[in-house]
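Novice: build the 3D model from these lines:
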Amino acid sequence: LAAARLGIRATIVMPVTAPPVKVDAVRRLGGAMVELLLAGDSYSDAQAAAAQLQAERGAVFVHPFDDPAVIAGQGTIGLEILRQHPGPLEAVFVPVGGGGLAAGVAACIKALRPEVRVIGVQAADSDAMARSLEAGERVTLEEVGLFADGTAVKQVGAPTFALCQRHLDAMLRVDADAICAAIRDIHQDCRSVAEPAGALALAGLKQYAAAHAGGGALVAIVSGANMNFDRLRFVAERAELGEQREAVFAVTIPEERGSFRRFCATLGRHAITEFNYRIGDARQAHIFVGVQIARRGEREALAAAFRAQAFDVLDLTDDELAKLHLRHMIGGRSPLARDERLYRFEFPERPGALTDFLGRLHPDWNVSLFHYRNHGADHGRILVGLQVPATELPLLRQFLAALGYPHVDESTHPAYRLLLRD
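Specialist: Numbering: from 1, shown residues only. A predicted model of the protein is given here:
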């Protein structure tokens with residue numbers, strides 16, 4: 001918009017994982033004055049591409065956070081907060097990526113009202129500032145999570161780090177479930193849909209409030225609304241878990257008359273959010289069930305009630321494998337899946353990424369299980385079963401190392417063995 005208004009030609013570089021709503025807005029507002037390039041999977045990759053273009057073209061590089069004028073401009077948000085809330089104020093929560101917003105707001109507030117705490121909030125998988133402050137020097141992350149793409153920065157800025165080191169009172173980390181719950185809270189209160197990075201501060205505020213009873217007013221900066229519509233299904237799915245309003249269990253009951261009635265009676269008046277069952281054993285039935293709860297204590301009470309009925313129960317509420325994949329795959333036991341090894345992979349979500357992943361799978365090992373769900377601009381997450389004889393496990397380890405994708409071996413996961421393994 002600035003380039004179009006001033007009549008200055010500008011090239012804007014963004015990662016390929018940037019939400020389409022953000023990309024479309026840049027094209028619409030910049031018009032003929034703006035060239036848009038997509039490069040890399042994260043902000044840091046895009047910055048490297050921009051630096052190369054700057055060197056080639058002799059252009060002026062305008063940094064989004066590591067610049068004194070940008071930091072000062074973002075600091076005016078601190079002024080707005082203090083003007084709008086002149087009364088007692090305990091803490092202000094600021095989302096942190098490269099650190100420009102946090103540096104500016106913290107410097108401003110500490111200069112005017114040093115008693116007010118300023119607390120930075122980062123996604124747990126993109127915590128470059130938190131790690132840097134803990135180490136006392138700037139740390140570069142090898143990988144960053146892409147759910148909160150607006151703060152997915154591998155290395156924070158030098159001036160921003162120095163200012164945050166001087167003025168920030170604390171850093172908090174929040175996970176994707178907590179961010180989704182904050183997005184829902186903002187929508188319920190304001191009828192506005194924040195992007196994941198935009199809801200970071202509220203997620204941190206809620207974490208802080210749960211551990212600090214009473215005190216003064218708390219303020220969270222909601223910093224963005226570039227939300228892909230496709231990503232809303234993931235947010236809605238995980239918000240209940242983030243608020244601890246849904247508990248997820250794998251329950252084993254005897255395959256005999258009366259067992260299912262006892263199981264339902266144990267659930268009582270709780271609303272069931274999900275139920276998966278398929279007969280596969282003459283002696284035992286394995287059930288995957290989601291239950292609506294009002295507080296965390298109900299989850300523990302339900303598990304105890306199942307055990308009191310002599311039902312084996314596995315609490316999967318906080319289990320990433322169950323939340324992402326198993327809840328969509330129950331009933332998949334197979335006597336044909338010999339020598340199956342189960343792996344969970346992540347890759348940056350972008351056009352063609354799934355096809356690229358499939359093309360790199362080893363051709364000599366049969367794929368016995370495969371599950372994938374697109375979550376908008378988040379990481380692509382895949383669960384894969386490969387049939388690999390024990391004699392070829394060293395080759396499998398070499399293949400995974402060469403593949404280069406972050407992965408987790410889930411072959412011994414108790415829920416997998418209970419629900420999917422023959």
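Novice: what are the structural domain limits within this structure?
Specialist: If you go by the TED database, the domain ranges for the chain are 1-57, 68-239, 246-421.
Novice: include mean pLDDT and mean neighbour count when you put the ones you listed into CSV, please.
Specialist: C-beta: built from backbone N, CA, C; applies to glycine. As requested, the domains of the chain are exported to CSV (pLDDT from 0 to 100; neighbours: other CB atoms under 10 Å):
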stretch, mean pLDDT, mean neighbour count
domain 1-57, 92, 16
domain 68-239, 93, 20
domain 246-421, 79, 16
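Novice: what does stretch 108-120 contact?
Specialist: Residues outside stretch 108-120 that contact it (CB atoms under 8 Å, 6 or more residues apart in numbering) are 75-79, 81-82, 89-96, 99, 102, 105-106, 129-130, 164, 167-172, 204, 208.
Novice: how about the CA coordinates for that stretch, as CSV?
Specialist: Extracted as CSV, the C-alpha positions of stretch 108-120 are listed here (Å, rounded to 0.1, in the frame of the first residue of the first chain):
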residue,chain,number,x,y,z
CYS,A,108,7.9,2.3,25.5
ILE,A,109,6.1,0.9,28.4
LYS,A,110,9.2,0.5,30.6
ALA,A,111,10.1,4.2,29.9
LEU,A,112,6.7,5.4,31.0
ARG,A,113,5.4,2.9,33.5
PRO,A,114,8.2,0.6,34.5
GLU,A,115,6.1,-1.2,37.1
VAL,A,116,4.0,-2.8,34.3
ARG,A,117,5.3,-6.2,33.3
VAL,A,118,5.8,-6.9,29.5
ILE,A,119,5.7,-10.6,28.6
GLY,A,120,6.6,-12.1,25.2
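Novice: how far does it sit from the chain's center?
Specialist: Relative to its chain's centre, stretch 108-120 lies at 28 Å (CA atoms, centre = their mean, to the nearest Å).
Novice: return the residues in contact with Leu194.
Specialist: To be clear, residue 194 is Ala; Leu isn't right here. The contact partners of Ala194, by CB under 8 Å, 6+ apart, come to Ala182, Ile183, Ile186, His187, Leu202, Val222, Gly224, Ala225, Met227.
Novice: helix or strand for the closest residue to it other than its chain neighbours, which one?
Specialist: In this structure, Ala194 finds its nearest non-sequential neighbour in Ile186, 4.9 Å apart by CB to CB, 6 or more residues apart in numbering. Using DSSP states H and E, Ile186 sits in helix 176-190.
Novice: same deal with Glu346?
Specialist: Going by DSSP H and E, Glu346 is in strand 340-347.
Novice: same check on Leu400?
Specialist: Element membership for Leu400 (DSSP H and E) is helix 393-403.
Novice: circling back: thinking the residue nearest to Ala194 is in contact with Ala199, fair?
Specialist: Yes - counting by CB atoms under 8 Å, Ala199 is a contact partner of Ile186 at 6.0 Å.
Novice: return every residue with contacts to both of those two.
Specialist: Val222.
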